[in-house]
Structure formats: C-alpha cells, structure tokens
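J.: sharing a model prediction with you, sequence too.
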Number of protein chains: 2
Amino acid sequence: MRPLWDVPIGQRPSWWQRRTPPQMLAGSFILLIALGTVGLKWLPGICHEGVRLSWLEACFTATSAVCTTGLVVVDTATAFTPLGQAWLLLLIQSGGIGILTFTTLVITALGGRPSLRQEASAVGNPLEIGYHRIDARQLTRHIVLFTLTFEGIGAILLYLLWVPRFGWEGAAWPALFHAISAFCNAGFSTFSDNLVPFRQDVPTLLVVCALVISGGLGFLTWEELYLYWRRRATHRFTLSLHSRLVLTTTAMLLLLPTPVLIWLEWDTTLKDMSWLDKCINAFFICVNTRTCGFNTVDHGQGSDAANFLLILLMSVGGSPGSMAGGMKTTTLALLMVLAWSRFRGWEVASVWGRSLRKQTTDRAIGLFVIGFIAVTCGILLLSITEARGSNGGFLPRMFEAVSAFNLVGLSMGLTPQLSSAGRCIVIGLMYLGRVGPLALAAALAVQARLPGKFRYAYEEVAVG
Amino acid sequence: MRPLWDVPIGQRPSWWQRRTPPQMLAGSFILLIALGTVGLKWLPGICHEGVRLSWLEACFTATSAVCTTGLVVVDTATAFTPLGQAWLLLLIQSGGIGILTFTTLVITALGGRPSLRQEASAVGNPLEIGYHRIDARQLTRHIVLFTLTFEGIGAILLYLLWVPRFGWEGAAWPALFHAISAFCNAGFSTFSDNLVPFRQDVPTLLVVCALVISGGLGFLTWEELYLYWRRRATHRFTLSLHSRLVLTTTAMLLLLPTPVLIWLEWDTTLKDMSWLDKCINAFFICVNTRTCGFNTVDHGQGSDAANFLLILLMSVGGSPGSMAGGMKTTTLALLMVLAWSRFRGWEVASVWGRSLRKQTTDRAIGLFVIGFIAVTCGILLLSITEARGSNGGFLPRMFEAVSAFNLVGLSMGLTPQLSSAGRCIVIGLMYLGRVGPLALAAALAVQARLPGKFRYAYEEVAVG
Ligand SMILES: [K+]
Ligand SMILES: [K+]
C-alpha cells in the first residue's frame, strides 16, 4: 500500500513519511493508549481522594476510552474527578476522530469514497480523483467539523432535557460528556449505573439513540447524504451502492430484532415496564449493541436466548468509516448478497443492478473469518483464565469477549471481576478490534506479489 | 447439475431418472428416516417389555441412527431388545453406506476423484473419465466391500479383546455393533454408559480409535492409498493434493489438541486416572469429537474451556467422502491456505506447488458460512425452547446444537431432558447436517445462470 503522503520528487522521504497507513494506525493507537495510561496514573487530580489506580486498571481504562469500547473496571462516576472524566473524554474524542480520519483516508485511497467519484464524474475525469492526491488536511478538517456539529447539537438537546433533573449548572457536564460518548459510540457514562436511571425518560433515550445511530453511520454516508440534499433540486445526484447498503442494513438491524427482543425479554430485563417503555427500551438495546454500549437494563439478568441474540448483533457493529467497531454492516450485506448470488447461480455477485468486484467480496469474507477467529480465541482464553471466577457460566465470558473485540462495552457483569490475565486479554481484544479490521482491509488491497501470469497447476480438492 | 444416470438417447427419462443428486439424497434420507421411525414404532419385539416409544422418540432415534449422529433420548441398552438394536444397526449401516455412495458419486461427477484422474492420465485421456460415465453400480460395490472389510476386521479384533470380559457368546454382538458403529462414526453403543467402562482398557480404546479414524478419512483417500500401495514398486503414483490435505489436517487435528485437553481436563474429567490413561483418554476424546461421539468420560463435568475446544473440534468433523459430518477437514485446510495466500499477497491460492481454483475455495467458504448460520440458528432456538430446563447454563445448549448439526452425538447431558420442541430442533439439525453440506456443494457447482459475458457495472463498497 502507498504511504499516506506524497513526497516532492527529489526529496528523500522521512521515516514518518515511509509509514503505510496500517503501520501509522497501529502505532498511533499504541501511543495514544500509552499517553492515556500515563496520564491516568500520574496527572494530579484525576482520581478522587483515596482512589488509587493500578497500572493495569489505568491501561484498561485508557484502552477502553481510546478504542471507544466502554468496558470499565473502575467506576467512572465515583473514581474520577471531573478533571479525570475530562481526560477520559479527551481520549475518547481523539480515538474516535483518529479512527474516523484513518478509515476515511484508507477508503478514499482504495477508491471507495462515493462522493469523490460523483464529483469526478461531474467534472469529467473519473480516474484522476479518488486514487491520487487526497487532501488529508482538508479531509481531517471536514471530519472534525462534522463530529463537533453532531456532538454540539446532541449536547444542547441533552442539556435542555436534563436541566429539570440536574439544574442549570449540573446538567452541562453530563450533557456534554454523554453527547460525545454517544456520538463516538463509546458508551462511557458519568453515572454509576450508566443510563439505567433514564429508562423511563423517552426523550433522553431517543436523543441518545439518534446520536448513536448518526455516529455509527459513518462520515462517508453523511457526506453523501449532505451532497444529495444540497443537489435535491437538480436531482443529478443518486446515492451510491455503498450508502444504500449501509442505510438499508442499518434500518433492518434496528427494526427486525426489536420485536424479538421485546418477546424474549418480556419477563426478564423488561419486566415492570409499561408497554411503551418496553418497546423504547428494546429499541434502545438494539441501537446500543451495535456498538455504543450504553445500557438501561442489567444484561446479566437477561435470558440466554436474548443475550445470544445480542452477541450476534454486537458482532455486526456499525458501518465502515465510522467510530463503531464490529465486522460492519457492509460486510454483512456483502456476505448476504454473495450468498444470494451464488444461490441463484450468478457468476458475479450483484445487487440492485450493480456488480461487486471479487476483491470487495473477498475483503468482506476475510473480515468475517478473521473476526471469527479472533473472537473464538478470545472466548477460549477468557474461559480458561476466568474458570475460577464467582460469576458462573460460559455465556458471560463469551459475551465479554465479543463485546470487547467489537468495541461494544456491554457486559453481563463480568468486567469488574476479571482476573489480571483476563484484563490483559480484554485489552488485547479491544486493541485488535480497533486496529485489526482496518489493517486487514488495507493488507488485502496490497498488490498481488505473485503476479497473475504465473501460477501453479490447478488441482481439485473435494469439499463437503 | 446433471442427473445421476445417463439415459439412452430417444428414451424419455422417468421421474426417478430426472432427479438431481441433491434431490435424490434429500429424498432418500427422508424415506430412510420414515422407514426407521415406523419400524421402531410398529415392528414387534423391538423394545423390551414395558417400554413404549412415543412417535417423537422413535423419530429422534431413527434420525440419529440414519444420520449416524448418536444422540439418544432412550437408552439403547435397556430400552431395545437385540432385535431392536439390530434394526438400529441396519439404519446406521444404510445411512452410512448411503451417504458414502452419494458423496463419492457427487465428488466424482465434479471431477474431484483423484484416483480416476490418475488412471486417466495413465491411459492418456484426462477428459473422458471423471466427468462422464461414472459406473455407479461398480462404485457402490467397491464402497460396500470397503466398508465391510474394515468393519469385519474391527469386529474380529474387538471380539478377541472382549471375550475375557463377556465370554465366547456374549462378546459377539457388542463387538459387531461397536465395530459398525465406530466405522460409520455413529457413536451408538449397546452399553448404558457408552464406553465409560472401557476407559482403562487401552487396547479396546486404540482399536475403536483406529476404526473411527479410518471411517473418518473417507473412501477416496483410502482408494488412493490402496493404489499408492499397489504401485509402490514402480513409484509412478503420487498422492493427490486432496489426500495430502486430508491426511495432514487429520493428523494435526488429532495430535495438536490432545496435550491441550490433557492440561485443561487434568483435574476435571481426567481426574483419578494414571498418566498413561489421561493421555489415551484425551486422545480418544480428540478422535471422537470428530465426529464419532463415543465417550469414556462425562463431558457434562468438563471445564468450560475444554468443552468450548470440543465445540470447535466438532465443527471441523471428518473428511469429505466419508460417513463423518462437520464442515470437513478439507474446508478447514482450504480456508487456512486461502488466508495464508491472501496474507502473502498471492492472487491465486496455492499450497505445496499446486494452485486452487476459485470455485474450490468458494465452496469451502460457502460451507463454512452456511454451517455457521445453521448452527447459530440452532443455538438460538435451543436456548429459547430449553430456557426452562433444569440443566442450567448456556454451554450445554450450544454444545448440543453443534453436536447435532455436525453429527457428533456427544452431549453435556442435555439430550434426555430436551423438551418436545427441542427434540424437533435437534432432529432438524441432524437432518440438515447430513444432507445440507452435500446439497450445497452440488448447488454451488451449478452452471452460472447469469452468463459471464453479461454483468452489471462494478461498484465499490467500503469494507472494514
Ligand atoms: K462502545
Ligand atoms: K456420530
């Protein structure tokens, strides 16, 4: 893969300039986590008096914040001062904007940024833009602006909703914190029991849901929707296949499991709620399992079937080019399109009158398989290290591993009880879940080193 | 896909002759299960006095026998008379030979039968054989002979080993039953507690292991090994890629997890055993999770980590063209080869100096994904229907669904407690696990209906 920056001809590229995007990504996240850990440990006034974080706890919290996961081993509300919470928020914001910029850069470099191609066809030269001369600086500026706009609107709405509850002054910090945490799909909260106190506050839940969904759709889709809206008069702009797949899959993943969840959780976590609250809370669960991780109920009390369904939803996650984790909505959509095409006997996978390149579907399969392997190893390791834990059963361990790798941050209550080895595994899963898919997507796009002209003799292997 | 039989030109094919192999397979297994169910229910002298099977129990038992799964809701030892056990054995044998013949036919029709290609290259016309004129009658004769030979040798060995224990007369029936049950990878036993009484009888365990491994390797590999042995003097025969992948993967799957299992189960199921017995029993577990399903220990007492490892092993199963279930050793090998090739940046997946066709790796991916979906649905359904069961926990339900779909027949003790709905789900999983992979392999080989010349415009979708 090409390094990120163009270097003027005749000038020797510096060490920095020779890094490929996956290397930059992996390195900068390690750096950010290290910085966050040291800050949590050494900055004065981070923790309330009497609270002392161990190095492992600091590292766990910093990784969880930078990777926008939201799993916590220390209570954000009682352990950290407002300064400590602000430090966490800074880590969340940098991690979120960092990953957003990186993914968008890589997708743009791979020629997958729909808006640019649309611009290019309008100008008349489809080849020049997309693969060359990405203006990284302008892109970053757009992304920061995009993020701050959404977070600002969200913070104002939450502030207005929370003034009656916390007063004019007291509502400001929680509103800002939760708006950023929701839009970055981080799921951190300044309340000890997360959003459980708001389970019957329908407007708050809906605002949070809107922020989470917006954050999970991704910059690319929003950019396109914006262009679509700006040119609605001329009708010269049609949504790309990418955005149509993202929007359709997201809508289906939000609406289809909600009734199932209402049915499965009717007598467990959704007990003692009115009919409307049951619906809203089930929808809230569906929104937050992919991959924000706020919770209004105790998932440790949920039925096995519901929690297994949540595990499946967590594995899907958000959309590419967003701050969300998981194997992504487009991966699921591409796998289903591929299966349907194969089932119909089509040689080329096609959907809505468009064909998909083999590289594209290959990347989806690769993400699925690698994610499957990583999560499987995580579950196996956690079930070994946490064999002696008091929180019995296999499902909480499986839930924890899936939640960590897919950056969700929901838990059946296992996180605070994790052994040191278990904490290290979860840290590893969070880091892999953040950096892995993007690095893989970039690696799969590498030019074939064994050129197409040379290959060994084909030989058949029986399958099935 | 071409129907199974060539019809002389000018003659209208009968309804039978127009069936494709997947349709024949699905139909004949339904027929066999129906026959088995009715036989168990209505034949006189099948059950001991006082025992009455319900229709559901009869159907469950027949399906388990025909699909060579080995899950039981009624105790084979105490519920069935020798006549009833003989009826079960007949179902196992027909189901086993049936699937063996069908898979071998389909693989031969797809051009994946290595021995035939070798013959063909020796004769000089590689195209004529393989795709055309499969002599189904001769092939069936070979398969029956192959099966009876192995089972005969196994039965004699087991008889000799069991005479001291059961006497000259008493040893005959168990020896024959277990030899057939082992070679067909069925895992049915005439003892109430399966092979637990033999846990310290090393020779018996080794003979059973040899039978299970032989049965799981598949007819194609044995046919090739036989040809290889017959021509060892001239050295003109080299093993095909298929057989090399099968043998290597099988060896790795037998040897690598054994020490891990010894470590994980040291203080649980392998407790109270000598060092040698621990090793032999761990090896026995490794052999039988893929996919025979005899057990010498109570897996319900195992550690979560060990049982999760067993779930992974169960999912792999045996080799194609055998009586074993699962996603198959070659599927795993192909996925790993594909991942390695992509990682190295090769355009064509290659291993040991051979390239793999895209159709071949596609079939492997298809099997993996479809198996994953089927098992996931099974787990979800079982965790809904068995929510009220006394045998607590999520893992036993997951174990049961994986065991049923992959035709293993191990259980953490849930099978006898299954609700009626749960039993129906397990019956469905067993049937799907038996018929599904082969039908899928055949379906994926269907000629592309959307010809290669026409396709929609390509469009990129961002992944990851
Ligand atoms: K999260
Ligand atoms: K079996």
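T.: It's in. Every value quoted in this text rests on a predicted model; they were computed, and no experiment measured them. Ligands and ions are numbered 1, 2, ... in the order given.
J.: who in chain A is up against ligand 1?
T.: A:69-70, A:187, A:293, A:409 (C-beta under 5 Å from the ion). Every C-beta, even on glycine, is put in place using the N, C-alpha and C of the backbone.
J.: please repeat the previous calculation with a cut-off of 8 Å.
T.: Residues of chain A lying close to ligand 1 (C-beta under 8 Å from the ion) are A:68-70, A:185-187, A:291-293, A:324-325, A:407-409.
J.: so what's A:Val246 closest to, chain neighbours aside?
T.: The shortest distance from A:Val246 to any non-neighbouring residue, by C-beta to C-beta, 6 or more residues apart in numbering or on different chains, is to A:Ser319 (4.6 Å).
J.: against ligand 1, how distant is that neighbour?
T.: 14 Å (C-beta to the ion, to the nearest Å).
J.: ok, A:Arg141 next?
T.: On the measure of C-beta to the ion, A:Arg141 and ligand 1 end up 26 Å apart.
J.: ok, that residue - contacts?
T.: Counting by C-beta atoms under 8 Å, 6 or more residues apart in numbering or on different chains, A:Arg141 makes contact with nothing.
J.: so it is in which element?
T.: Applying DSSP states H and E as the criterion places A:Arg141 in helix A:136-170.
J.: hmm, who's touching the first helix or strand past that helix going along the chain?
T.: Remark: after helix A:136-170, the chain's next helix or strand is helix A:172-183, criterion DSSP H and E. Residues outside helix A:172-183 that contact it (C-beta under 8 Å, 6+ apart) are A:70, A:82, A:85, A:89, A:92-93, A:96, A:147, A:150-152, A:154-159, A:162, A:166, A:186-191, A:208, A:211-212, A:214-215, A:292, A:294, A:323.
J.: if we go to 6 Å?
T.: Residues outside helix A:172-183 that contact it (C-beta atoms under 6 Å, 6 or more residues apart in numbering or on different chains): A:89, A:93, A:150-151, A:154-155, A:158-159, A:162, A:188, A:190, A:208, A:211-212, A:215.
J.: let me see the contact set for the residue of the stretch 251-400 of chain A found nearest ligand 1.
T.: Residue of the stretch 251-400 of chain A nearest ligand 1, by C-beta to the ion: A:Gly293 (3.9 Å). Counting by C-beta under 6 Å, 6+ apart, A:Gly293 touches A:70, A:187, A:408-410.
J.: which of the residues you listed sits closest to A:Asp272?
T.: Nearest to A:Asp272 among these: A:Leu410, at 20.8 Å, using C-beta to C-beta.
J.: now the strands for chain A?
T.: A:350-351, A:354-355, A:457-458 (DSSP state E).
J.: ok, of those strands, where does mean pLDDT dip lowest?
T.: Sorting the strands of chain A by mean pLDDT places strand A:457-458 lowest, at a mean of 58.
J.: quick one: the residue nearest to the spatial centre of chain A from ligand 2, how far?
T.: In chain A, the centroid-proximal residue (C-alpha atoms, centre = their mean) is A:Ala324; its distance is 1.3 Å. Distance of A:Ala324 to ligand 2, computed by C-beta to the ion: 41 Å.
J.: same question, A:Ile379
T.: In terms of C-beta to the ion, A:Ile379 sits 25 Å off from ligand 2.
J.: pull stretch A:304-317 out as PDB, backbone CA atoms only.
T.: What follows is stretch A:304-317, C-alpha atoms only, in PDB (Å, rounded to 0.1, in the frame of the first residue of the first chain):
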ATOM      1  CA  ASP A 304     -29.800 -16.700  27.500                       C
ATOM      2  CA  ALA A 305     -31.500 -16.500  24.200                       C
ATOM      3  CA  ALA A 306     -31.700 -12.700  24.300                       C
ATOM      4  CA  ASN A 307     -28.000 -12.400  25.300                       C
ATOM      5  CA  PHE A 308     -27.000 -14.700  22.400                       C
ATOM      6  CA  LEU A 309     -29.000 -12.600  20.100                       C
ATOM      7  CA  LEU A 310     -27.200  -9.500  21.500                       C
ATOM      8  CA  ILE A 311     -23.900 -11.300  20.800                       C
ATOM      9  CA  LEU A 312     -24.900 -11.700  17.100                       C
ATOM     10  CA  LEU A 313     -25.900  -8.000  16.900                       C
ATOM     11  CA  MET A 314     -22.600  -7.000  18.600                       C
ATOM     12  CA  SER A 315     -20.600  -8.900  16.000                       C
ATOM     13  CA  VAL A 316     -22.200  -6.900  13.200                       C
ATOM     14  CA  GLY A 317     -21.400  -3.500  14.700                       C
END
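J.: and for it, what's in contact with it?
T.: Contacts of stretch A:304-317 (C-beta under 6 Å, 6+ apart): A:264-265, A:289-291, A:324-326, A:328, A:332, A:395, A:399, A:402-403, A:406, A:408, B:380, B:383-384, B:394.
J.: tell me which residues of it come out buried.
T.: A:304-311, A:313-317 (16 or more other C-beta atoms under 10 Å in any protein chain shown).
J.: tell me which two in the residues you listed are the farthest apart.
T.: A:Asp304 and A:Gly317 (21.9 Å).
J.: so who does the residue nearest to the centre of chain A touch?
T.: A:185, A:216, A:291, A:317-318 are the contacts of A:Ala324 under C-beta under 6 Å, 6+ apart.
J.: and if we set it to 7 Å?
T.: Residues near A:Ala324 by C-beta atoms under 7 Å, 6 or more residues apart in numbering or on different chains: A:185, A:215-216, A:290-291, A:317-318.
J.: lowest-confidence one in these?
T.: A:Thr291 (80).
J.: coming back round to it: which among the contacts of stretch A:304-317 count as buried?
T.: A:264-265, A:289-291, A:324-326, A:328, A:332, A:395, A:399, A:402-403, A:406, A:408, B:380, B:383-384, B:394.
J.: among these, which are in helices?
T.: Residues of these located in helices (DSSP state H): A:264-265, A:332, A:395, A:399, A:402-403, B:380, B:383-384.
J.: that older thread, for the residue of the stretch 251-400 of chain A closest to ligand 1, give its distance to A:Gly318.
T.: 12 Å (C-beta to C-beta, to the nearest Å).
J.: ditto for A:Arg165
T.: 29 Å.
J.: compare those two (neighbour count), which wins?
T.: Shown here are A:Arg165 and A:Gly318; by other C-beta atoms under 10 Å in any protein chain shown, A:Gly318 has more neighbours (28 against 13).
J.: which ones are touching that one?
T.: A:185, A:216, A:290-291, A:324-326, A:328-329.
J.: first-to-last residue distance for stretch A:289-297?
T.: 12 Å (C-alpha to C-alpha, to the nearest Å).
J.: ramachandran angles for A:Ser192?
T.: Per-residue torsions, A:Ser192: phi -60, psi -40 (degrees, to the nearest 10).
J.: list the contacts of it.
T.: A:75, A:77-78.
J.: mind doing that once more with 10 Å?
T.: A:Ser192 sits next to A:75-79 when contact means C-beta atoms under 10 Å, 6 or more residues apart in numbering or on different chains.
J.: tell me the pLDDT at it?
T.: Reported pLDDT for A:Ser192: 82.
J.: cool, A:Pro203 as well?
T.: For A:Pro203, pLDDT reads 87.
J.: please name the nearest non-neighbouring residue to it.
T.: Closest to A:Pro203 by C-beta to C-beta, 6+ apart is A:Leu161, at 5.5 Å.
J.: can you report how many residues lie near that neighbour?
T.: Every residue meeting other C-beta under 10 Å relative to A:Leu161 is counted, giving 18.
J.: relative to A:Ala175, how far out is it?
T.: For A:Leu161, the distance to A:Ala175 - C-beta to C-beta - is 8 Å.
J.: need the residues touching each of the two.
T.: In contact with both A:Leu161 and A:Ala175: A:Val207, using C-beta under 10 Å, 6+ apart.
J.: where in the stretch 51-200 of chain A is pLDDT low?
T.: A:109-135 (pLDDT under 70).
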